[in-house]
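Asks: Fold the following.
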Amino acid sequence: MVRSRNRRSSSVIASAIAAAIAAVILIGAPASLAQQMSPVVLFTSKEQIPLKAYAEMMRAGILQIVSGSAKEIPTVTDVSYFRCALTGWAPKGVLVASEELFKSEYAERRLIPILIQPVAASTVAARAADLEKPERIAALRRAVNVPEGGERSYFFLILSSGDMTRYYPFRIASPK
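Replies: Numbering: from 1, shown residues only. Next up, the predicted model:
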């Protein structure tokens, strides 16, 4: 009986030590390492931004943010590519829409095709060439009825797993 208790307490202590070491490593890790651990990351020419919030299409035909909040939707100056390491989920495209998509099923939207390249066993890089040119972004905004300036436009990386689809929102700042 004494041995059994010692083994249990040893395993509990070992687990606690491992958790403490992991916490120290993560807390002390540089921001880029923490962002690399995020399963969906948007790469710009200067930084890597984890896409944390996502929306789903409701039965009424509108998008609703179901994970995260509107505060977590990043605004970037440019888009290079996306890295997706969410096992079982594959990027399907990028959707462009106005803020109206959160309110009306009749909101204009455009689907942008993407090029997918495997990076690792369950990681892919996805590139949308239309997001690399400011004039093309401006044309897409006009097509979805966003007023000049584009403050009300949204871009969504679409990930799919079987019959489930997630829309990871981000915004692209208008050039000044």
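Asks: does Tyr54 have beta-bridge partners, and which?
Replies: Applying DSSP bridges to Tyr54 yields these beta-bridge partners: Ser67.
Asks: Over to Cys84?
Replies: Residues in beta-bridge contact with Cys84 (DSSP bridges): Val40, Val124.
Asks: per-residue pLDDT, it?
Replies: Cys84 is assigned 96 on the pLDDT scale.
Asks: and the gap between it and Ser160?
Replies: Distance of Cys84 to Ser160, given as C-beta to C-beta, to the nearest Å: 11 Å. For the C-beta atoms, the positions are set from N, CA and C on the backbone; glycine is no exception.
Asks: Mind listing the shared neighbours of the two?
Replies: Jointly contacting Cys84 and Ser160 under the rule C-beta atoms under 8 Å, 6 or more residues apart in numbering are Ala90.
Asks: Show me which of these two is the more surrounded one.
Replies: Neighbour comparison, Cys84 and Ser160: the larger count goes to Cys84, with 22 against 14 (by other C-beta atoms under 10 Å).
Asks: Phi and psi next, for Glu135.
Replies: As for Glu135, its main-chain torsions (degrees, to the nearest 10) stand at phi -70, psi -30.
Asks: what's the spacing between it and Pro175?
Replies: From Glu135 across to Pro175, the span is 10 Å (C-beta to C-beta).
Asks: give the contact list for the closest residue to Thr123 other than its chain neighbours.
Replies: Nearest non-adjacent residue to Thr123, counting by C-beta to C-beta, 6 or more residues apart in numbering: Ala85, 4.1 Å away. By C-beta under 8 Å, 6+ apart, the contact list for Ala85 reads 39-40, 120, 122-123.
Asks: and which of these is nearest Glu56?
Replies: Taking C-beta to C-beta as the measure, Glu56 sits nearest to Val40 out of the contacts of Ala85, at 14.6 Å.
Asks: Tell me which stretches of the chain form strands.
Replies: 40-43, 48-50, 54-57, 63-67, 75-76, 81-84, 90-98, 109-112, 115-120, 123-127, 153-161, 164-172 (DSSP state E).
Asks: Need the residues that contact the fourth one.
Replies: When you say that, I think you mean strand 63-67. For strand 63-67, the surrounding residues in contact (C-beta under 8 Å, 6+ apart) are 52-58, 97, 101-102, 156, 167, 169.
Asks: May I see those residues arranged in JSON lines, with pLDDT as well?
Replies: Output for the contacts of strand 63-67, formatted as JSON lines (pLDDT from 0 to 100):
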{"residue": "Lys52", "pLDDT": "95"}
{"residue": "Ala53", "pLDDT": "96"}
{"residue": "Tyr54", "pLDDT": "96"}
{"residue": "Ala55", "pLDDT": "96"}
{"residue": "Glu56", "pLDDT": "96"}
{"residue": "Met57", "pLDDT": "95"}
{"residue": "Met58", "pLDDT": "94"}
{"residue": "Ala97", "pLDDT": "96"}
{"residue": "Leu101", "pLDDT": "94"}
{"residue": "Phe102", "pLDDT": "94"}
{"residue": "Phe156", "pLDDT": "97"}
{"residue": "Tyr167", "pLDDT": "97"}
{"residue": "Pro169", "pLDDT": "97"}
